[in-house]
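Chemist: model this:
(chains A, B, C and D)
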There are 2 protein chains.
Amino acid sequence: MTKPVTLKDIARETGVHVSTVSRALDPNARTSLTTEVVERIRATAERMGYRPNRLASGLRTRRTMTVGLMLPDIANTLFPPIVRGVESILEPKGYASIIVNTDGDREREGKLVDVLLQRGVDGIIHAAPYRTDPRMVAVSRQGMPMVTVNRQIENSRIPAVINDDAGGIAEMLRYLFDAGHRRVAHIAGPQTLSTGRSRMEAFKAAVAELGLDLSEHAIAFSSHFDEDEGRRCTRELLASGWKFTAILCANDRLALGAIDELNRHGLSCPDDVSVTGYNDIPFLDLIPPGLTTIRIQQFDAGRMSAELLVKMMTEPEATIPRTTILPVRLIERGSVKRIAPPPS
Amino acid sequence: MTKPVTLKDIARETGVHVSTVSRALDPNARTSLTTEVVERIRATAERMGYRPNRLASGLRTRRTMTVGLMLPDIANTLFPPIVRGVESILEPKGYASIIVNTDGDREREGKLVDVLLQRGVDGIIHAAPYRTDPRMVAVSRQGMPMVTVNRQIENSRIPAVINDDAGGIAEMLRYLFDAGHRRVAHIAGPQTLSTGRSRMEAFKAAVAELGLDLSEHAIAFSSHFDEDEGRRCTRELLASGWKFTAILCANDRLALGAIDELNRHGLSCPDDVSVTGYNDIPFLDLIPPGLTTIRIQQFDAGRMSAELLVKMMTEPEATIPRTTILPVRLIERGSVKRIAPPPS
DNA sequence: TTGAAAGCGCTAACAA
DNA sequence: TTGTTAGCGCTTTCAA
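Modeler: Below is the predicted model:
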C-alpha cells in the first residue's frame, strides 16, 4: 500500500506544527485558530489526499467509532433488515460495524465478544443473546454500552428493543378463535431464547383469556427456529392423538415446516388444518397458500437499537428505557380457514 | 468501560519488561525466551484477563487484521451466503470484517471505500463493483489487496471469483431448445454490471450457436436486478408484438417479476410462456410453479475469494489467478413446458 | 493562536 | 535470553 499521508506530512508541507494541523482538521477545535491557517491546512490536506488514521486516533481517544453487531446468522432472512436499520443510524454518524455470527453457539458467542473487545468497539448491539447470558451481562456490567434487539436478556439491565410478542400472539389466537377455531396447537420456539419463551407464554395466557380448554399435548417445543423442527413438532402433535384444527407457530419457518409435514401426511393447509406464522419474512406472500402471520418491524428495531446505543455511548449518564416494544401487525393471507365452531 | 489490562500491567505484576511480556505472548517470538518465564507470564496474563489491544498492535505493525467487505445490499438474499463463505476463511485466521452496503450507488461506493481505508483494512473483498470502476482500480493500484466476487471489474488486474455465466446461460438456452422452444426472449440485467453484461452476451452467443433467428425485440434490458424491472421488461417484450414461447431471465428476481406480469396479462407460466431464472435464491423451490434456474455457488465463491485475498495480503509476491470461474448447475423445476417445436 | 511534549498500547531494532 | 529505546499517527495538556 502506498504510504498514506499523515498529519506530519501536512505539517511539513504547510510549515506548522502537527498539533496545529490536528486542530485545523478537527471541526470542534477549529475555533481557536486563524481562519487563514485553517483554510491553508485544509486545502493542502485535501490536495495531498489526507485520510485520517482512525486506528491512531482511536488509540489516543479510546473511542474507535466502531460497534460490534452480533447476529445468530446473517443468512437468516430475519436479520439483514435489522442490520440495515442499524447502519442507517450508525453510518451517518461515522461508526463502522463489525458483524459476527454466533450460530446460536454459546462458545462461539464467547469467542466473538472477545474479538469485539480486542478491537475496542465502543458498543455492542446483540441480536443473538440467550434469555440468560451471564457472559454478556458481565461485559455490560464492566461498562460496555450494549443493547439487545429482537431478543432480550432476562434479569439484566441491558436495554432491549423487541417486538410485541404478547400482543402479536394474542391477536393471532383471537383471529383463529374468531375464525371458529377452538382446538389450537402451538409449535413453540426454543425456550432458551426470549422470543421462544415469551411467545409460548403469550400463547398460554391468550388461551386462558379466551377460556379455551387445551390438551396437555397442545404445545410442541422446537429446539431451533427452522423448517426441520417445524416438521418434527408437527409429527409430534399429530402423533399425540389430540385433534386440533389449527397450529399457531412461533415463527414463519416453523410454520413452513409444519405445512410441509401436514402435506406429507395427506393433510392440506388450510382445508384440514390452519397454520399461522410469525415475523413475515420475505417471499412469504409468494408461497402458497400464503401464510397468515404477524409482521414485525425489523428495520425499525435495528434503527431504534442503534439510536439507543449511540445515546449510551455518547451520554453515559442518560437514562435509557429498559425495554422498547415495537407494535406488530397481523397479515391475513390464505393459511387460515374459517370453520364452524363447535356448539358451545 | 473498566480499564483493560495492558502489557505494562502484566510487566509490573511479573517484574519483567513489557517487551518481554510482548514476546512471551507472541507465538512466533516465544522461542527466544525461557520456558519458565513464558509460562509465568502467560499464567498472569490469563489470570488478569489480558486481552491484546488490536488497535495498538495494528498501529505499530501496520496490519489491522481487518478486511473490508463491500456488498450492494446485505438484505439481498444472494449475498449473505457469500459473507458466510468469506467469514469461514477469515475468522479462523483472526481477521474481522467490516461490511458496507453500496446500494449500487457510485457515490456511496466512493465514500465507503474511504471509510475502509481510514480504518486501515488489510484488504478488500468487493461484491458490488461496476464493470468499469476506476475508483477501485486506483485503490488496487496503490497496493491495496483486493478481489472481486460474483462480479468483476473489466480491464483491470483485480482477481475475480465468478460463476460460469457463459456456461450457465448456454446450458439454459440449450435446455429450452431441447424442450422445443425456438423463440426465446431474454430479460437482461443491468449492462453496467459484469453479470448483466456477460449473461447477455452469453445469450447472444448461445442463440447464434443454436442457429436461432431471433427478433430485434428479443432482448429487454433491465436497469436493476429486481421484480419491478422484471415486470417492466415483460411488458416491453409483450408490447413489441414479437411472439415468444419462453423468457430466459438474467436472474431469479427478474424472472419472478416476469411471471407475475404474465399472470396480470392473463398468461400463465409455464402453460403459455416458459420462464427461467438465474442464481437459485432461497425459497424458490416453494414458489409455484417452481422456477427452473441455474444454481450458483455463493458460499464457495465467498470462500475462494477470501482465500485469494489472504494469499495476497500475506504473500505479496504470490501469483494470483486473474479469474476463478466456479461451475454452475441447472435446477429443473416447473416453469418450463415442453412444447412441439415448429417444423423446420 | 500556536508550539512543545507526552503518551495511548504495542512491536521491533538494537544493546547488553 | 532479556532490557532499552524509539516510534506507529494521533490528540491533548500545558506553555508560550
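
Chemist: Write out the residues of chain A neighbouring DNA strand C.
Modeler: Listed as neighbours of DNA strand C in chain A under the rule C-beta under 7 Å from any atom of the strand: A:16-20, A:23, A:31-34, A:37-38, A:56, A:59-60, A:62. For the C-beta atoms, the positions are set from N, CA and C on the backbone; glycine is no exception.

Chemist: Now flag whichever of those is closest to A:S194.
Modeler: A:R62 (32.2 Å; C-beta to C-beta).

Chemist: Can you get me a residue count around the closest one?
Modeler: 13 (other C-beta atoms under 10 Å in any protein chain shown).

Chemist: confidence score at the closest residue to it other than its chain neighbours?
Modeler: Leaving aside its sequence neighbours, A:R62 sits nearest to A:G120 (C-beta to C-beta, 6 or more residues apart in numbering or on different chains; 7.5 Å). On the pLDDT scale, A:G120 is placed at 96.

Chemist: One more: A:S344?
Modeler: For A:S344, pLDDT reads 65.

Chemist: what about A:M70, which helix or strand?
Modeler: Taking DSSP states H and E as the definition, A:M70 sits inside strand A:66-71.

Chemist: anything in that strand near DNA strand D?
Modeler: No. Judged by C-beta under 7 Å from any atom of the strand, strand A:66-71 stays clear of DNA strand D, getting no closer than 14.9 Å.

Chemist: returning to what we had before: can I get the buried ones among the residues of chain A next to DNA strand C as something I can paste into ChimeraX?
Modeler: The buried subset of the residues of chain A next to DNA strand C, as determined by 16 or more other C-beta atoms under 10 Å in any protein chain shown, is captured in ChimeraX by this line:
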select /A:16,20,23,33,37,38,56,59
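
Chemist: Which members of the residues of chain A next to DNA strand C additionally contact DNA strand D?
Modeler: Applying C-beta under 7 Å from any atom of the strand to these, those adjacent to DNA strand D are A:V18, A:S19, A:R23, A:A56, A:L59, A:R60.

Chemist: out of these, what pair is the most spread apart?
Modeler: A:R23 and A:L59 (18.6 Å).

Chemist: Would you mind listing what in the stretch 151-300 of chain A touches chain B?
Modeler: A:L256, A:P282, A:F283, A:L286, A:I287, A:P288 (C-beta under 8 Å from any C-beta of the partner chain).

Chemist: Kindly indicate the member of these with the most neighbours.
Modeler: A:L256 (23 neighbours).

Chemist: Please name the nearest non-neighbouring residue to it.
Modeler: In space, A:L256 is closest to A:E227, 5.3 Å off (C-beta to C-beta, 6+ apart).

Chemist: Stretch A:71-86: end-to-end distance?
Modeler: End-to-end span of stretch A:71-86 (C-alpha to C-alpha, to the nearest Å): 12 Å.

Chemist: which residues sit against it?
Modeler: With contact meaning C-beta atoms under 8 Å, 6 or more residues apart in numbering or on different chains, stretch A:71-86 is reached by A:69, A:97, A:99-104, A:125, A:127-128, A:149-150, A:279, A:281-282, A:298-306, B:73-75, B:77, B:80-81, B:83-84, B:99, B:101, B:282.

Chemist: again, only this time at 7 Å
Modeler: A:69, A:97, A:99, A:101-104, A:125, A:127-128, A:149-150, A:279, A:281-282, A:298-303, A:305-306, B:74-75, B:77, B:80-81, B:83-84 (C-beta atoms under 7 Å, 6 or more residues apart in numbering or on different chains).

Chemist: Same check on stretch A:141-158?
Modeler: For stretch A:141-158, using C-beta under 7 Å, 6+ apart, the contacting residues are A:82, A:122-127, A:129, A:131-133, A:136-137, A:139-140, A:159-162, A:193-195, A:301-302, A:305, A:308-309, A:312-313, A:322-323, B:1-2.

Chemist: Just the buried residues out of the residues you listed, in PyMOL syntax.
Modeler: PyMOL command restricting the contacts of stretch A:141-158 to the buried ones, with burial defined by 16+ other C-beta under 10 Å:
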select buried, chain A and resi 82+122+123+124+125+126+127+129+131+133+136+137+139+140+159+160+161+162+193+194+195+301+302+305+308+309+312+313
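
Chemist: Narrow the contacts of stretch A:141-158 to those in helices?
Modeler: A:82, A:136-137, A:139-140, A:194-195, A:301-302, A:305, A:308-309, A:312-313 (DSSP state H).

Chemist: Identify the farthest-apart pair in those residues.
Modeler: A:T195 and A:M313 (26.0 Å).

Chemist: Show me which residues of stretch A:217-224 are buried.
Modeler: Of the residues in stretch A:217-224, A:A218, A:I219, A:A220, A:F221, A:S222, A:H224 count as buried by neighbour count, 16+ other C-beta under 10 Å.

Chemist: DNA strand D: which of these is nearest?
Modeler: A:H224 (45.3 Å; C-beta to the nearest atom of the strand).

Chemist: What does the closest one show for phi and psi?
Modeler: With angles defined as degrees, to the nearest 10, A:H224 sits at phi -140, psi 150.

Chemist: So which residues of the stretch 101-250 of chain A form helices?
Modeler: Applying DSSP state H, counting those that start in this stretch to the stretch 101-250 of chain A gives helices spanning A:106-118, A:134-141, A:165-178, A:194-209, A:227-239.

Chemist: what about the fourth one, distance to the chain center?
Modeler: The chain centre lies 20 Å from the centre of helix A:194-209; the measure is C-alpha atoms, centre = their mean, to the nearest Å.

Chemist: separation between the residue nearest to A:R62 and A:T102?
Modeler: Distance, A:G120 to A:T102, using C-beta to C-beta, to the nearest Å: 20 Å.

Chemist: One more: A:W242?
Modeler: Distance, A:W242 to A:T102, using C-beta to C-beta: 36 Å.

Chemist: Neighbour count: these two, which is higher?
Modeler: A:T102 (22 against 14).

Chemist: Flag every residue of chain A that's near DNA strand D.
Modeler: A:3-4, A:6-8, A:18-19, A:22-23, A:25-26, A:29, A:52-53, A:56-57, A:59-61.

Chemist: mind running it again at 10 Å?
Modeler: Residues of chain A lying near DNA strand D by C-beta under 10 Å from any atom of the strand: A:3-11, A:17-26, A:28-29, A:32, A:45, A:50-63.

Chemist: of the contacts of stretch A:71-86, buried ones?
Modeler: By 16+ other C-beta under 10 Å, these give A:69, A:97, A:99, A:101-102, A:104, A:125, A:127-128, A:149-150, A:279, A:281-282, A:298-303, A:305-306, B:74-75, B:77, B:80-81, B:83-84 as buried.
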